[in-house]
Every structure is written in structure tokens, then in C-alpha cells.
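Novice: sequence and predicted structure are below.
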Amino acid sequence: MTRDFLLLWPHLKRYRWRYGLGALCLAGAVASRIAIPYFLGESIDTLRAGAERETELGDSGLGAQSIKSLVLWGAGSIVVAAAIGALIRTASRILILGTSRRVVSDVRRDLFDHLLRLSPSFYIENTTGELMSRCVNDVRNVQGLMGPVFMYLAETAVVYLFCLTVMASKSPDLTLICVLPIPLFVISSRFLAGRIQRGSRRAQAKLAEVSAKTDESISGHTVVQALGIEALDAERFDKRAEEYRELNLEVTRARGVLSPLMGGLAALCLLLVLAVGGPRVMRGELSLGDFISILFYLQMLAAPTGVMGFVISSLQRGRAALRRLCEVFDADLTMLDPAGPGPAPDKGGGLSVRDLSITLGGSERRLSDGEGTTQERLPERLVLEGIDFEVQPGKTLGIVGLTGSGKTTLLRVLARELEVDAGSVFLGGRDVTELRLDDVRSRVGYVPQETFLFSKSLAENVSLGRIEATREEILRAAEDSRLSEDLDQLPDGLETMLGERGVNLSGGQRQRTALARVLLLDPELLLLDDTLSAVDAHTAEEIMERLRPLMAGRTTVIVSHHLAHLSAADEIIVLEDGRIGERGSHEQLLAQSGFYKGLWERQEMRERLEREVESFEGDVS
């Protein structure tokens with residue numbers, strides 16, 4: 001667990017002066033509070049001594065004026081001590097609680113930056129809902145650990161130290177009797193704290209499942225409604241929610257026992273003082289002022305002792321949350337810049353792939369069940385094997401293959417989304433593993449098969465990679481992708497606000513938006529992964545006609561199931577189970593009587609039948 005707290009050490013070190021000053025203010029506030037019973041006890045003993053002398057000697061004792069002065073001095077001292085304590089206590093809370101928010105803000109920022117740098121495989125192994133739970137709920141619990149928990153623990157330690165020291169100076173044996181029950185309560189509280197920590201980890205892990213299920217159901221609500229499985233989906237959610245509730249109830253029961261336990265400790269100590277100290281006062285072995293002071297000190301100890309149940313449970317929740325955050329920070333960053341990066345490749349360079357093989361899986365996924373963390377190894381799968389090709393500057397490579405043959409994986413490798421071995425991929429004659437990631441990615445424009453749009457305006461989505469782009473440049477990119485033809489159908493044209501993931505656009509409009517986004521970057525290497533699959537054939541042909549002049553000056557790799565889009569490519573490769581089964585130009589592949597020719601003939605037949613049907617329907621009408 002100490003290793004987990006090392007995550008917070010850089011932030012604690014950064015704000016050590018604030019925490020240190022806050023701790024000093026806490027000590028000062030406690031000292032001011034402790035002074036109040038001291039002044040009260042001294043005043044009572046002085047007044048009692050004066051009263052006894054008046055009774056014994058028959059004189060006026062202290063005298064009315066002296067008594068008045070003593071009372072004013074005692075009351076004034078108490079008021080001043082209380083005022084100073086209140087001001088210092090307020091300052092301590094501002095310093096400690098305010099600093100905890102700064103620390104957690106830094107942790108949240110570091111966590112987000114770390115998530116952005118993790119490889120795509122990490123997101124395959126961890127659901128969005130689970131990561132959201134860690135970013136929101138676990139970070140909030142860590143804030144409680146660094147704020148209220150730290151403050152109450154420090155305050156309790158100082159209160160116990162000061163109060164017990166002053167109590168021991170007045171009556172050592174009575175102080176010893178007061179602390180006798182503490183070891184028993186410490187043992188009991190540690191047992192309950194362990195239950196709370198284990199229960200908190202299980203509850204937080206279950207909350208991640210609830211968050212993941214919520215995200216899944218909301219994102220797929222159209223599928224749920226289309227299949228009419230609302231009741232089934234609600235039942236699955238209710239099951240997770242009920243399990244989360246039961247786990248929370250277990251933690252609540254443990255906390256419910258812990259709080260009365262701490263309150264019982266304070267009451268027992270008070271009972272012992274009354275039972276042992278009262279007779280001593282009657283026998284004159286302990287002054288009344290000291291006895292009342294000790295009672296006040298016990299009352300001061302009762303408040304922090306009573307909230308120790310809350311503090312311990314919050315501490316255990318914070319420790320469990322910190323452990324879960326460390327699991328994210330411990331995830332390896334596989335995509336890193338080389339230790340000694342080489343110079344950026346020359347502009348207009350070609351692309352070369354040599355004996356490329358890619359194996360996915362084989363990583364370990366951490367599973368938290370509250371009792372601890374276990375690891376599950378995902379099976380390995382050879383996706384690409386022995387891939388070789390070269391695309392000269394300004395040329396076009398077409399890729400075709402059955403679903404699952406490795407086409408998307410290959411493009412993700414070229415876009416530097418997946419790690420590769422040295423000597424496998426070269427851009428502009430330079431090994432991409434020896435280049436900075438930014439130097440490679442700034443030269444590559446990748447349009448994935450599944451597009452992602454943000455909840456921003458359409459123009460902001462297009463200019464996401466070039467926020468300084470002018471409106472004319474954005475419109476030109478929209479025209480090249482044929483997105484401009486649909487602008488009049490949108491309520492505010494380019495300024496139309498998109499819903500989550502572009503839900504208010506059609507599939508074809510989303511693909512064309514993603515294409516316009518990449519065209520605006522004017523990349524040297526253009527990667528198109530079945531970019532026009534959601535666009536009708538006529539629009540797709542128009543887009544390809546518009547793209548051909550743009551592709552003439554840049555290296556392009558196109559993946560498509562529609563072979564007409566690849567027919568003008570300088571070379572075409574056919575992937576079969578991760579290997580290159582056929583390669584050549586369009587004409588050469590048609591002459592080989594292989595997979596490519598068969599697919600071409602089937603597509604030609606389908607298009608011919610569609611034209612005949614359209615012609616027949618036109619004659620009938």
C-alpha cells in the first residue's frame with residue numbers, strides 16, 4: 001500500500017508548504033482550545049481558594065473587586081483563546097481542504113494525460129464505463145483521503161497529544177486509567193477497517209460495472225428498442241445495481257458499528273474519570289479545578305474520537321480508490337518516442353513495409369474483486385504475417401480482403417496506432433520506430449472505418465486537427481468530401497451542433513465528415529479504411545472522382561470492398577488470413593483467375609442486374 005501512496009508523493013511534495021502550514025495552524029487551533037479548560041480550571045481553583053480562606057479567617061478573602069477582576073480576566077482569556085482558535089482553525093481548513101483540491105486536480109490531469117497516451121489495446125481490455133468510474137468516483141474518494149481524512153487524522157493526533165500531556169501533568173495515574181480501554185478499541189476498529197476496505201473495493205469495482213452497463217445501454221439504446229429487449233436490458237441493469245446496493249450495505253453496516261464503538265470509547269473514558277476522580281476530589285487528593293479541566297479535556301477528546309469511525313471508513317475508501325487509480329497508472333505505455341529520435345523524414349517520401357508481422361493479445365488484464373487483484377492473460381492471435389510492399393511517392397496502393405483478414409490492423413500500424421518491430425515500416429526511407437510519434441502522425445491522415453465525432457459544431461469537427469483553419473479551407477474540405485451537398489439539409493449548416501458521436505448525422509454524413517477532417521490536414525500519406533462503405537454508390541463515385549486529383553500528389557493506401565474504387569490504384573494486394581495472397585495491378589489481378597477476379601465478376605454481375613432492374617422499372621412507369 002505504501003507503493004500506492006507514492007503516486008501522491010510528487011503532488012504532496014509540490015504543496016508541502018501548504019500542508020505544513022495547515023498542520024501548524026491545526027496545532028495552533030488545538031492549543032487555543034486546550035487553553036480554555038486550563039484557564040477555566042485555574043480560575044475555579046483560585047476562586048475556591050479565596051472562598052476557603054474567607055471561611056477559615058473570617059475576612060473578605062479576595063474581596064469583591066479582586067473577584068470581579070479575576071472573573072473578567074478568566075472570561076477574557078477564554079474569549080480571546082476561542083477567537084484565536086476559530087481564526088486559526090478556519091485558516092487550517094482553507095489550507096488543507098483547498099490544497100487537497102489542488103492535489104486532486106493535478107492527479108486528475110495526470111490521469112487524463114496518461115489515458116491519452118495508452119495504447120489502443122488498453123481500451124480493448126477495459127470498458128469505458130469502468131474507466132469513467134475510476135476517473136470520477138475514485139478520484140473523488142482520493143480527494144477525501146487528501147483533504148478531510150488528512151485533516152481529521154492530524155487534528156486528532158494533535159488533540160490527543162496535547163490533551164493527554166496536560167492531563168498527565170495534572171494527574172498521571174488518572175490519565176493512565178483513561179487510556180486503558182484504547183488498545184481494545186484499536187484492535188476492534190482495525191478489524192472493522194479491514195472489512196470496510198475490502199467492502200469498499202468490491203463496491204467500487206461493482207460501481208464500475210454499473211457505469212459500464214449504463215454507458216453500453218445508452219450508447220446502444222436504438223438496438224435495444226429495435227429488438228424490443230428493454231425489459232431484458234433493464235433486468236440486467238437491475239441485477240448489477242442490486243449487487244452494488246448490497247455491497248454498499250455491507251460497508252454501511254461496518255461503518256454503523258464503528259461509529260458507536262468510537263462513541264462508546266469516549267463515554268467509557270468519561271465514566272472512568274468520574275468513578276475514580278470524583279472520590280479523589282472529595283478526599284482532597286485532586287483539586288476541583290484540575291478535575292473539571294480533565295473533564296473538559298475528555299470532552300474535547302470525545303468529538304474527534306466520535307468521528308474516527310467516519311475517518312477510518314473514509315480512509316479505507318480512499319486507499320481502495322488509490323489502488324484502483326494505480327492500476328491505471330501502472331499500465332505500460334507501449335507507444336513511446338525513441339530515446340534518441342532521428343530527424344523527421346523528408347516531405348513527399350514513400351512508404352515501405354518489410355516482413356511485417358503483428359500479434360495481438362497476450363497482454364494481462366487486472367481484475368479487482370475487492371479481496372485483491374488478479375491477472376488474466378488474453379490469448380495471442382497472429383493477425384498479420386510476412387507483409388511486404390512498397391508505395392512510391394505519389395502512388396496509390398489498394399487493399400482488399402475478406403472480413404478479418406487484417407486490413408484494418410495494417411492501416412492502424414501505418415498510422416502508428418499499434419507498435420511494430422524495428423525494421424518493419426519505413427516512411428520517407430526512415431524507420432518509424434526511430435522517429436518521434438508526432439513526426440510520423442503529423443504526416444499521416446487516417447480515416448478509420450468507424451468514425452468518431454465530438455459533441456461540437458460540424459465545422460469544429462472538420463477543423464479538429466487544424467483549429468486555425470479558415471472557413472474557406474473548411475468549406476473546400478467539405479466540398480472535396482461531398483459533405484457540402486448535405487449542408488442545406490442541416491439546420492445551421494456548418495454551425496450545426498452535433499449530438500453525442502454525431503448521432504444526428506447519417507452514417508454517410510459521418511464518414512464524409514471524417515474524410516473532410518483528414519483532407520483539411522493535407523497529409524503526405526493518406527490512409528482510407530473503407531471510408532465510403534456507408535455512402536451510396538453514386539455519391540461514392542463522385543467522392544472518388546474528387547479525390548483522384550488530390551491523391552495524385554500524395555502517397556495513398558485505400559482499403560475497400562468495392563473494387564471499382566481500387567481499379568485505378570498503381571498496385572493492389574489481396575489479404576488472406578493475414579498474408580498477401582495476390583498482388584498486382586487491376587488488370588494483372590483479373591488475369592490471375594483468383595479471389596480478386598471472382599469478387600470483381602460478382603460485383604459486376606450485381607451492378608448489371610441493378611441497372612437492368614432500374615431500366616425495367618423505368619419502362620413500366
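Specialist: Great, that's in hand.
Novice: A strand includes residue 399, no?
Specialist: Yes - under DSSP: H, G, I helix; E, B strand; the rest coil, residue 399 falls within a strand.
Novice: mind listing what it touches?
Specialist: 407, 410-411, 557-560, 566, 572-573, 575 (C-beta atoms under 8 Å, 6 or more residues apart in numbering). C-beta coordinates here come from the backbone N, C-alpha and C atoms, glycine included.
Novice: in the stretch 201-350 of the chain, where is pLDDT below threshold?
Specialist: Scanning the stretch 201-350 of the chain for pLDDT under 70 picks out 222, 226, 255, 258-259, 262-263, 266, 303, 305-307, 309.
Novice: could you look up the SS state of residue 211?
Specialist: The three-state assignment at residue 211 reads helix, by three-state DSSP.
Novice: and it, how far is that from residue 417?
Specialist: For residue 211, the distance to residue 417 (C-beta to C-beta, to the nearest Å) stands at 26 Å.
Novice: and the two? Which one has more around it.
Specialist: Applying other C-beta atoms under 10 Å to residue 211 and residue 417 shows that residue 211 carries more neighbours, namely 22 against 17.
Novice: let me know the secondary structure of the closest residue to the more buried one other than its chain neighbours.
Specialist: Among residues not flanking residue 211 along the chain, residue 129 sits closest, at 3.7 Å (C-beta to C-beta, 6 or more residues apart in numbering). When classified by three-state DSSP, residue 129 comes out as helix.
Novice: what does the one 5 residues further on give?
Specialist: When the structure is split into helix, strand and coil by three-state DSSP, residue 134 lands in helix.
Novice: local confidence estimate at it?
Specialist: If you check residue 134, the pLDDT there is 83.
Novice: helix, strand, or coil at the spatially closest residue to it that is not a sequence neighbour?
Specialist: Excluding the flanking residues, the one nearest residue 134 by C-beta to C-beta, 6+ apart is residue 324, at 5.5 Å. With three-state DSSP as the basis, residue 324 sits in helix.
Novice: residue 324 against residue 137, yeah?
Specialist: No - Residue 324 is beyond contact range of residue 137, at 9.2 Å (criterion: C-beta atoms under 8 Å).
Novice: tell me the SS of the closest residue to residue 433 other than its chain neighbours?
Specialist: Leaving aside its chain neighbours, residue 433 sits nearest to residue 422 (4.6 Å; criterion: C-beta to C-beta, 6+ apart). Secondary structure, three-state DSSP: residue 422 is coil.
Novice: what sits against residue 422?
Specialist: Counting by C-beta under 8 Å, 6+ apart, the residues that residue 422 touches are 431, 433-434.
Novice: buried among those? Need that as a selection in ChimeraX.
Specialist: Buried members of these, defined by 16 or more other C-beta atoms under 10 Å, are picked up in ChimeraX with:
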select :431,433
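Novice: looking at the contacts of residue 422, spot the one nearest residue 529.
Specialist: Lowest distance from residue 529 to the contacts of residue 422 (C-beta to C-beta) belongs to residue 433, with 22.2 Å.
Novice: domain boundaries for the protein, per the record?
Specialist: The record's domain parsing of the chain by automatic domain parsing lists 10-329, 386-620.
Novice: tally of neighbours for the residue nearest to residue 134?
Specialist: 24.
Novice: where's it relative to residue 412, distance?
Specialist: Shown here: residue 324 relative to residue 412, a distance of 29 Å by C-beta to C-beta.
Novice: what does the pLDDT read for residue 389?
Specialist: Residue 389 carries a pLDDT value of 91.
Novice: surely it and residue 570 touch.
Specialist: No - between residue 389 and residue 570 there is no contact under C-beta under 8 Å: 10.9 Å.
Novice: any common contacting residues for these two?
Specialist: residue 397.
Novice: what about those two, which has more around it?
Specialist: residue 389 (17 against 14).
Novice: what does stretch 215-228 rub up against?
Specialist: Stretch 215-228 is contacted from outside by 127-129, 132, 230, 233, 237, 501, using C-beta under 8 Å, 6+ apart.
Novice: and the furthest pair within the residues you listed?
Specialist: Farthest-apart pair in those is 132 and 230; separation 23.2 Å (C-beta to C-beta).
Novice: what about those two, which has more around it?
Specialist: It is residue 132, of residue 132 and residue 230, that has more neighbours when counted by other C-beta under 10 Å, with 15 against 12.
Novice: who touches the closest residue to that one other than its chain neighbours in this structure?
Specialist: Nearest in space to residue 132, with sequence neighbours left out and distances taken as C-beta to C-beta, 6+ apart, is residue 211 at 5.4 Å. Residue 211 is in contact with 129-130, 132-133, counting by C-beta under 8 Å, 6+ apart.
Novice: which of these lies closest to residue 284?
Specialist: Comparing those against residue 284 with C-beta to C-beta places residue 133 closest, at 64.2 Å.
Novice: hmm, that closest one is touching residue 213, no?
Specialist: No - when contacts are counted by C-beta under 8 Å, residue 133 is not listed as touching residue 213 (11.1 Å).
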